[in-house]
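Student: Have a look; sequence and predicted model below, questions after that.
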Amino acid sequence: MQRIERTVLYTIGGSAILMVLVPWLLGKVAPDQVFFEWPYFFEVAIGGLLSGVMYSLVALGFVLIFKASGVFNFAQGAMVLFAALTLVGLIDLGVPAWAAILLTLGVMVLLAIAIERVVLSHLVNQEHIILFMATIGIAYFLDGFGQTLWGSDVRRLDLGLPNQPLKFFDGALMVNEFDLIAALIAGVLVVSLALFFQYTRIGRALRAVADDHQAAMSVGIPLKHIWVIVWSVAGLVALVAGIMWGSKLGVQFSLSLIALKALPVLIIGGFTSIPGAIIGGLIIGAGENVAEVFIGPLLGGGITDWFAYMLALVFLVFRPQGLFGEKIIERV
Amino acid sequence: MIYREAGEFKSTYQADQAIFPIRQDRWFILAILAIAFIAVPLLGSDYWLGTIMLPFLILALAALGLNVLTGYAGLLSLGTGGFMATGAFAAYKLATMFPGLHILAVLIMSGLITAGVGILFGIPSLRIKGFYLAVATLASQFFLIWMFNKFGWFTNYSSSGVISAPPMTVFGDVFVTGPQASATAKYLFVLSMVVIIALMIKNLVRSNMGREWMAIRDMDIAAEIIGIKMLSTKLKAFAVSSFLCGIAGALWAFIYTGSVEPAAFDINRSFQILFMVIIGGLGSILGSFLGAAFITLLPIFLSNAPHWFGMNIPVDMISHIESMVFGALIIFFLIVEPHGLARLWQIAKEKLRLWPFPY
Amino acid sequence: MGERVLGDVILDMKNISLSFGVMKVLNNISFNVRKGEIRSIIGPNGAGKSSMLNVINGVYHPQEGSITFKGQVRNKMKMHEAAAQGIARTFQNIALFKGMSTLDNIMTGRNLKMKASLLEQAFYWGRAQKEEIAHRHKVEEIIDFLEIQAIRKVPVGRLPYGFQKRVELGRALAAEPEVLLLDEPMAGMNLEEKEDMSRFILDINDTFGTTIVLIEHDMGVVMDLSDRVVVLDYGRQLADDVPDVVRNTQSVIDAYLGVSH
């Protein structure tokens, strides 16, 4: 892992301070509209952090594919939806949960192979913008395909994960058990992936491919295999994200919109950084929640529609490459 | 050989720089315009004019706007819907606050207001490029739609939430909006506006402005080195693009649907216009029209095609299949011809030049 | 080469030092350029020659030193200012606008001289049309001069390397610069192409009086064309004099030229 720059620490520290200070101030200044109590604040913040972890999960899929193939995979959200739909569909057909999960994983691998064969191999040396737009095409295709296969009703996904509120400090602070478990699973996944990338041979090959397709091929790295591996791993991540979000919200079309929310996460964290995806997710999740509860009332509510993007926009102006992203130096 | 330029020598630069230097192209365009202005309104049904041609023309205008920003200046934008909404609501507020205002004035002013908003959201583009910029434009998209939904001032505090565009006239007594407007009047009005604006944009992209945009798209460092000012060039791209999208939004609300609602301009609209530009061809005026035609006609084809084959598919399934077909087509185009229908058209013309000879 | 009348100093680089992080790319370089001169910068690869050019037209800002251009002293150039004040350049790795034709690329070189507003251009009347045609005249003169008439409508991305280099030169010329910076204009060319390019450079200097600063590896070209030569090696300055003197300077021979013959 690289040394963490001072600006990064200041940014994270600064955001955290603002996130506490602004609500507190507003609570003092406009107590009729903004209700501020410390335990309540922590509840909101922690709830936000935990949903932030789930955003990170989706962002992780993006980062993997971008890191490994230089492609900005707009279809990640559609993959989350597709994975969730397939899983729920299989379970509803009577397949036992553990088998359904394995089968869905298999489906995602097949999907990865199909994407590589049908789309990626034909676009090997096109500019990144063309690849990006191709993934938009894949996204639309998957959205339609999944719903054609499995229908578009909202489905409940119940894998028996506990969903009780846990009480701390004699009930003053409540945290949802499910969110905690989701955070834990996401955390484990993220750490293992980070280690994988950094320390294995395949990880290194993936990084080479991200830099330059042709150069990687010329040193004998099998591009096709690499891409299938990466998209399969992204598919696995999508499945986990799908399970988490699907259990929480029900499996429905809006899941792919959550993927759009992952974009601000990537902006803040940097497109190529796995720890960036985590920290970005935490900042967005907590920030969004805190803003909605403590700033929202002053604006009429519903600011989660755009707050994450505005936050990302502000970040972009000051730090275009994100917290941990790589600065692109253009040479003339 | 029917189509060729042999024997056509230009003796002045002025002639060489005409929009359609090849004689046959000129005839062809005049023929298209004649068909559009005369034959279509005479022969077309109200349904055809009102439900197919109107959205096609208006969305083509929006696609033109997006093409200026993304195709010519290389600034990827996912905020087209938000700017269209801005135009629609600006027009509504203007028309209701100043009822005597002529519709052309309303349209132009709402275009200018949208241009202002576009400039504001374009300021970050100096520092941000590529996909990052696309995400930044998402901020403008979501924020604007939220704002129009949230604040009653925009809808004049309407209790029902559905606001209709007020009836307005063009030459004193020809209604183009509201219940008294005929489909023909609406069609001709929109057609005229779109043709005039397209002509102006064509002039713009062929002159210095267009070259500056393409320069910053192709290699911005080199552009800066030869003296092109980044910020003003990018902001002008946002301004012109938003102007067009704003007018398109106002036309959509006032003339096509008759009502002003933010839902018509959500993120799906932005994607739809982006698809038009991709399939039609980035950096091509003709492409904007071809892409708009394609995407407007496709759903109609898809909803009617099963009937022709004797199959009956439920409506919601149709929209899913539509998604699949869109997605597949985008991928297909990107693989086969990343420069879109406009390029295919150019290739066809080049082959036509040699026809009937093979090469 | 006959009588060469050189003017006063038009560009004066004093004690220029440039670093990227810990890497020192230019170390206390000083030299000047006289009006109408053909000045060469030579040295092995990585010596900092392109960086020097980048400092002159404002792409890089030196940490130390001063740049005096047309009498005005500054410690760094801004890109836009350099262009506006009459400095134009070509690049080692061709920086053309690949999506545009030859004609359009060279026309972009005229952008600073085009004054018509947005609206005027949209209606293409009056000033906009007159300007466009007037500048087209000028650009066609350059196209004639560089003998690239046949490819004027071809998108530059499709042109062979040698032609691309000419188009890039045309774009630089279109700005009617006072100082022309050429970064390895003959790279990758065969003998015939080099002769053409040398002829162009001499003609430009002769006909328009343009001052030329040139980076080049072909020693024959350098020695034949230049009035004076600066030699760089790993960011340090080894010599600064007329070609005959530089050719025989020991440190230059050791670092770069090899045994003189």
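Tutor: Yes, it's here.
Student: how about low-confidence regions in the stretch 201-332 of chain A?
Tutor: Low-confidence segments of the stretch 201-332 of chain A (pLDDT under 70): A:210, A:213, A:251-256, A:326-332.
Student: who in it is up against chain B?
Tutor: A:260, A:263-264, A:266-267, A:271, A:299-300, A:302-303, A:305-306, A:309-310, A:312-313, A:316-317, A:320, A:330, A:332 (Cβ under 8 Å from any Cβ of the partner chain). Where you see a C-beta, it was placed from the backbone N, CA and C, and this is true even at glycine.
Student: show me the contacts for the closest residue to residue C:99 other than its chain neighbours.
Tutor: Nearest non-adjacent residue to residue C:99, counting by Cβ to Cβ, 6 or more residues apart in numbering or on different chains: residue B:218, 4.9 Å away. Under the criterion of Cβ atoms under 8 Å, 6 or more residues apart in numbering or on different chains, the neighbours of residue B:218 are B:74, C:96, C:97, C:98, C:99, C:100.
Student: residues touching the last one, list them.
Tutor: I take that to be residue C:100. Here residue C:100 is in contact with B:211, B:214, B:215, B:218, C:108, C:155, C:156 (criterion: Cβ under 8 Å, 6+ apart).
Student: Can you list the helices and strands that the helix or strand where residue A:136 lies packs against?
Tutor: Using DSSP states H and E, residue A:136 sits within helix A:128-150. Helices and strands touching helix A:128-150, by 3 or more Cβ pairs under 8 Å, 6 or more residues apart in numbering or on different chains; DSSP states H and E, are helix A:76-92, helix B:130-150, helix B:267-280, helix B:315-336.
Student: Give me the below-cutoff pLDDT ranges for chain B.
Tutor: Using pLDDT under 70, chain B drops low at B:1-11, B:14-15, B:17-18, B:21, B:161, B:306, B:308-313, B:355, B:357-359.
Student: near chain C, anything from stretch B:344-359?
Tutor: No - using Cβ under 8 Å from any Cβ, stretch B:344-359 stays clear of chain C, with a minimum separation of 11.5 Å.
Student: returning to that earlier point: drop anything exposed from the residues of the stretch 201-332 of chain A next to chain B.
Tutor: A:260, A:263-264, A:266-267, A:271, A:299, A:303, A:305-306, A:309-310, A:312-313, A:316, A:320, A:332 (16 or more other Cβ atoms under 10 Å in any protein chain shown).
Student: Out of those residues, name the ones that lie in helices.
Tutor: A:260, A:263, A:264, A:266, A:267, A:299, A:309, A:310, A:312, A:313, A:316 (DSSP state H).
Student: Could you work out the most separated pair of the residues you listed?
Tutor: A:266 and A:299 (25.8 Å; Cβ to Cβ).
Student: tell me the contacts of the nearest residue to residue C:37 once chain neighbours are set aside?
Tutor: Using Cβ to Cβ, 6+ apart and skipping the chain neighbours, the partner closest in space to residue C:37 is residue C:227 (4.7 Å). Counting by Cβ under 8 Å, 6+ apart, residue C:227 makes contact with C:4, C:6, C:34, C:37, C:38, C:39, C:242.
Student: So residue C:227 versus residue B:130, what's the distance?
Tutor: 45 Å (Cβ to Cβ, to the nearest Å).
Student: Next: residue A:56.
Tutor: From residue A:56 to residue B:130 the distance is 23 Å (Cβ to Cβ).
Student: Next: residue C:123.
Tutor: 33 Å.
Student: Over to residue B:212?
Tutor: From residue B:212 to residue B:130 the distance is 19 Å (Cβ to Cβ).
Student: cool, and residue A:229?
Tutor: Counting by Cβ to Cβ, the gap from residue A:229 to residue B:130 is 26 Å.
Student: what about those two, which has more around it?
Tutor: Using other Cβ atoms under 10 Å in any protein chain shown, the more surrounded residue of residue A:229 and residue B:130 is residue A:229, with 19 against 15.
Student: Tell me which helix or strand the closest residue to that one other than its chain neighbours sits in.
Tutor: Nearest non-adjacent residue to residue A:229, counting by Cβ to Cβ, 6+ apart: residue A:202, 6.8 Å away. Secondary structure from DSSP H and E places residue A:202 in helix A:201-211.
Student: From the contact counts, what lies against that helix?
Tutor: Short answer (3+ Cβ pairs under 8 Å, 6+ apart): helix A:201-211 packs on helix A:38-69, helix A:177-199, helix A:213-218, helix A:223-249.
Student: any residue of the first one up close to chain B?
Tutor: This points to helix A:38-69. No - using Cβ under 8 Å from any Cβ, helix A:38-69 stays clear of chain B, with a minimum separation of 9.3 Å.
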